[in-house]
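Novice: fold the following and give me the result.
(2 chains)
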2 protein chains.
Amino acid sequence: MKILILGGAGMVGRKLADRLAKDGELGGKPITGLTLYDVVPPEAPAGARFPVACETGDLPADGETDRLVAPKPDVIFHLAAIVSGEAELEFEKGYAINLDGTRNLFESIRKAQYVPRVIFTSSIAVFGAPFPEAIPDEYHLTPLTSYGTQKAIGELLLADYTRKGFLDGIGIRLPTICVRPGKPNKAASGFFSNIIREPLVGKEALLPVSEDVRHWHASPRSAVRFLLHAATIDGGLVGPRRNLAMPGVSVTVGEQIEALGRVAGSDAVALIRREPDELVSSVVAGWPRNFDTRRAIELGFEADRSFDEIIQVHIEDELGGKIG
Amino acid sequence: MKILILGGAGMVGRKLADRLAKDGELGGKPITGLTLYDVVPPEAPAGARFPVACETGDLPADGETDRLVAPKPDVIFHLAAIVSGEAELEFEKGYAINLDGTRNLFESIRKAQYVPRVIFTSSIAVFGAPFPEAIPDEYHLTPLTSYGTQKAIGELLLADYTRKGFLDGIGIRLPTICVRPGKPNKAASGFFSNIIREPLVGKEALLPVSEDVRHWHASPRSAVRFLLHAATIDGGLVGPRRNLAMPGVSVTVGEQIEALGRVAGSDAVALIRREPDELVSSVVAGWPRNFDTRRAIELGFEADRSFDEIIQVHIEDELGGKIG
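Specialist: Next comes the predicted model:
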């Protein structure tokens, strides 16, 4: 089984590649080759018992997706995207990568006349406020960002190309990934991770919103589990509605902090400094708070069990099991 | 006020042009010029007191939408589309006209740096079965045709370009147009009109489905009224959700036939010949039956009052007020 990961240098792409290297197989079939592709050089995972190719390029460039699809990978993980903030600032670039790149990929597969499983990572950004307290599977997509628009279009294309038999797609709408490893970043959603990750290593973190803000989370480990399940699920069970909101954990910021206290103690909690930011607060007010992801759960997608578990996953996977 | 109609040779485009010629104004502003554009030569409406240009071309061709937008029309009606059956058979052609043509138009407007009102005709084909008995405004779009997919993508682009201030768009999802003038055609939906139009002129019509089939209708006159209202409505009242399901009349085929009996008598009804067609029946089983179009109604869009009225409109507008 040959696997291609587009966006292989990103956080989720790297963790997915590591997991594939560790498992050596996918859905019971041995992996015979893995290609990691990104705009910056991806790093091959350690310990892979199969050949790994690392490639860089510009996804929407002429002929690029034809070239990537030419070896006919059996499974394609399409994680490549210009993120929300950048897609909002750079309108043309966002559409070029997130829409044209995705459509080119699907067109290259159609023209190659073979039917790989394609896993497309969509986002809860396909939803736009106002929405009900828990968004059901049948809720309409009214994105309020160009990124969300591009992801929603990718979902529609994925479903149509699958319906026509040109590819075998599964789209998964990821919750906000938390705890995101690495350094604090300036994404509006960054604080959800910062207020956990930084105190766990004895550093201060800023909290720009009130504690009653509720949001929808999944650990990086869950994200990888979703991707693997999407890669191996029986498409017949999914039916024509190929895009699924993934299960997650809905908690308030206050509940996040309580979980941090339970896992790491009050010293960690004391490192969170309130610094209200009206801009961040108003952006976050338009984000989904909770979902009713019945379909995905019935199809066997499994969320983290609690926010405590999300913190434990971070400690195990990023901090070697120890709190510093 | 300068107006551009893309798809100006189609049935709705012609009726819209006729109405504009008759009115001489739109939203209280005198019309100073009208351009009709289509892939086949459009016909100028009779009696227009303003210049009318009729143009033909290939919408997605290089530079075509730039050329159409160059005179900076104040209002653009984008009705041009490859219809459902053809878009399903000709995958590339459908995407070229319905997706690329629409996106090119929006891009040309963005680059021209002016903000016209753009009215985009979408369709109830953006919905795919299964759905509730009456589809609410918040129901998700899961099209089961390439045409429906392309219309749903057009809606998303329209909303994003509007949100960014690049154009001022309103998308309207038209019900099935009934009674469609002209000859019987082979569209799966053709019988909804055939069983009314043909008996009204003393001709036999075939009914391929059972009388309990329910569907969602609007007269051509309503369609034109929707377009004019969409052209002049205050965008601020519409808000960021720019795509609206239009109100219609939900009736069963049996109720259509009863209305025909009331309007034209039992001789007309006797001209309907049952000839069950399993293929048509199975296609139609996947179509919407009814909608709850609360938003559009609140925003002042008005449906026909009954199917009797839909038949009367046909008699007035197509048969000179007389049943033959």
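Novice: what residues does the stretch 201-324 of chain A have near chain B?
Specialist: With Cβ under 8 Å from any Cβ of the partner chain as the criterion, the stretch 201-324 of chain A comes near chain B at residues A:240-241. (Each C-beta comes from the backbone N, C-alpha and C, glycine too.)
Novice: and the residue of the stretch 201-324 of chain A closest to chain B?
Specialist: Proximity of the stretch 201-324 of chain A to chain B (Cβ to the nearest Cβ) peaks at residue A:241, 5.2 Å away.
Novice: OK, contacts around the nearest residue to that residue once chain neighbours are set aside?
Specialist: Nearest non-adjacent residue to residue A:241, counting by Cβ to Cβ, 6 or more residues apart in numbering or on different chains: residue B:142, 5.2 Å away. Neighbouring residues of residue B:142 by Cβ atoms under 8 Å, 6 or more residues apart in numbering or on different chains: A:159, A:240-241, B:127-128.
Novice: isn't the residue of the stretch 201-324 of chain A closest to chain B up against residue A:159?
Specialist: Yes. Contact criterion Cβ atoms under 8 Å: residue A:241 and residue A:159 qualify, at 7.2 Å.
Novice: who has more neighbours out of the two?
Specialist: residue A:159 (24 against 17; other Cβ atoms under 10 Å in any protein chain shown).
Novice: hang on, the residue nearest to residue A:241 is in a helix, isn't it?
Specialist: No. Counting by DSSP: H, G, I helix; E, B strand; the rest coil, residue B:142 falls outside a helix, being coil.
Novice: isn't residue A:243 right up against residue A:153?
Specialist: No. Residue A:243 is beyond contact range of residue A:153, at 11.4 Å (criterion: Cβ under 8 Å).
Novice: so what does the helix or strand hosting residue A:257 touch, helix or strand wise?
Specialist: According to DSSP states H and E, residue A:257 maps onto helix A:253-264. Secondary-structure packing of helix A:253-264 (3 or more Cβ pairs under 8 Å, 6 or more residues apart in numbering or on different chains; DSSP states H and E): helix A:190-200, helix A:266-269, helix A:307-318.
Novice: pick the most deeply packed of these.
Specialist: Comparing the helices and strands packed on helix A:253-264 by mean neighbour count (mean count of other Cβ atoms under 10 Å in any protein chain shown), helix A:190-200 comes out on top with a mean of 23.
Novice: quick one: distance of the following helix or strand past that one to the chain centre.
Specialist: Per DSSP H and E, the first helix or strand lying C-terminal to helix A:190-200 is strand A:205-207. Relative to its chain's centre, strand A:205-207 lies at 23 Å (Cα atoms, centre = their mean, to the nearest Å).
Novice: do the same with stretch A:169-177
Specialist: With Cα atoms, centre = their mean, you get 6 Å for stretch A:169-177.
Novice: do stretch A:27-44 as well
Specialist: On Cα atoms, centre = their mean, the centre of stretch A:27-44 falls 17 Å from the chain's centre.
Novice: so what touches it?
Specialist: Contacts of stretch A:27-44 (Cβ under 8 Å, 6+ apart): A:1-10, A:13-14, A:17, A:20-21, A:23-25, A:48, A:50-59, A:68, A:71, A:73, A:80, A:231-232.
Novice: show the buried residues in those residues.
Specialist: In those, burial by neighbour count holds for A:1-10, A:13-14, A:17, A:20-21, A:48, A:50, A:52, A:54, A:59, A:68, A:73, A:80, A:231-232, counting by 16 or more other Cβ atoms under 10 Å in any protein chain shown.
Novice: okay, strands next: where are they in the stretch 101-250 of chain A?
Specialist: Here the stretch 101-250 of chain A has its strands, by DSSP state E, counting those that start in this stretch, at A:117-123, A:135-136, A:168-174, A:176-177, A:205-207, A:214-218, A:243-245, A:249-252.
Novice: list the contacts of the nearest residue to residue A:277 once chain neighbours are set aside.
Specialist: Leaving aside its chain neighbours, residue A:277 sits nearest to residue A:208 (3.5 Å; criterion: Cβ to Cβ, 6+ apart). Residues near residue A:208 by Cβ under 8 Å, 6+ apart: A:191, A:275-277, A:280-281.
Novice: for whatever helix or strand residue A:15 lives in, packing partners?
Specialist: Element membership for residue A:15, per DSSP H and E: helix A:11-23. Here helix A:11-23 touches strand A:2-6, strand A:33-38, helix A:220-232, going by 3+ Cβ pairs under 8 Å, 6+ apart.
Novice: ok, now with 6 Å
Specialist: Packed against helix A:11-23 by the contact rule (3 or more Cβ pairs under 6 Å, 6 or more residues apart in numbering or on different chains; DSSP states H and E) you find helix A:220-232.
Novice: is the helix or strand residue A:86 falls within positioned near chain B?
Specialist: Under the criterion of DSSP H and E, residue A:86 resides in helix A:84-89. No. Counting by Cβ under 6 Å from any Cβ of the partner chain, chain B has no neighbours in helix A:84-89; the shortest distance is 8.9 Å.
Novice: how far away is residue A:205 from residue A:317?
Specialist: According to Cβ to Cβ, to the nearest Å, residue A:205 stands 19 Å off from residue A:317.
Novice: ugh, wrong one, I meant residue A:181
Specialist: Computed as Cβ to Cβ, the residue A:181 to residue A:317 distance reads 8 Å.
Novice: overlap of the contact sets of those two?
Specialist: Here residue A:181 and residue A:317 share no contacting residue, scored by Cβ atoms under 6 Å, 6 or more residues apart in numbering or on different chains.
Novice: check which helices and strands the top helix by length along chain A sits against.
Specialist: Ordering each helix of chain A by length in residues (DSSP state H) puts helix A:146-163 first. Applying 3+ Cβ pairs under 6 Å, 6+ apart, one finds that helix A:146-163 contacts helix A:84-89, helix A:102-112, strand A:117-123, strand A:168-174, helix B:146-163.
Novice: could you redo the last one with a cut-off of 8 Å?
Specialist: So helix A:146-163, by 3+ Cβ pairs under 8 Å, 6+ apart, packs with helix A:84-89, helix A:91-94, helix A:102-112, strand A:117-123, strand A:168-174, strand A:243-245, helix B:146-163.
Novice: just want the angle from the third one to strand A:117-123.
Specialist: Yep, that's helix A:102-112 we're talking about. Relative orientation of helix A:102-112 and strand A:117-123, computed by axes from the mean of the first three to the mean of the last three Cα atoms, to 10 degrees: 170 degrees.
Novice: helices or strands up against helix A:102-112?
Specialist: For helix A:102-112, the packing partners by 3+ Cβ pairs under 8 Å, 6+ apart come out as helix A:64-69, strand A:75-78, strand A:117-123, helix A:146-163.
Novice: if you set the cut-off to 6 Å instead, what comes out?
Specialist: When contacts are defined as 3+ Cβ pairs under 6 Å, 6+ apart, helix A:102-112 packs onto helix A:64-69, helix A:146-163.
Novice: residue B:263: which of the ones you listed is closest?
Specialist: When the helices and strands packed on helix A:102-112 are compared by Cβ to Cβ, helix A:146-163 sits nearest residue B:263, at 40.2 Å.
Novice: give me the residues contacting that closest one.
Specialist: A:84, A:87-88, A:94, A:98-99, A:102-103, A:106, A:120, A:122-123, A:125-126, A:141, A:143, A:167, A:169, A:171, A:240, A:242-243, B:146, B:149, B:152-153, B:156, B:160.
Novice: just the buried residues of these.
Specialist: Buried members of these, counted by 16+ other Cβ under 10 Å: A:84, A:87-88, A:94, A:98-99, A:102-103, A:106, A:120, A:122-123, A:125-126, A:141, A:143, A:167, A:169, A:171, A:242-243, B:146, B:149, B:152-153, B:156, B:160.
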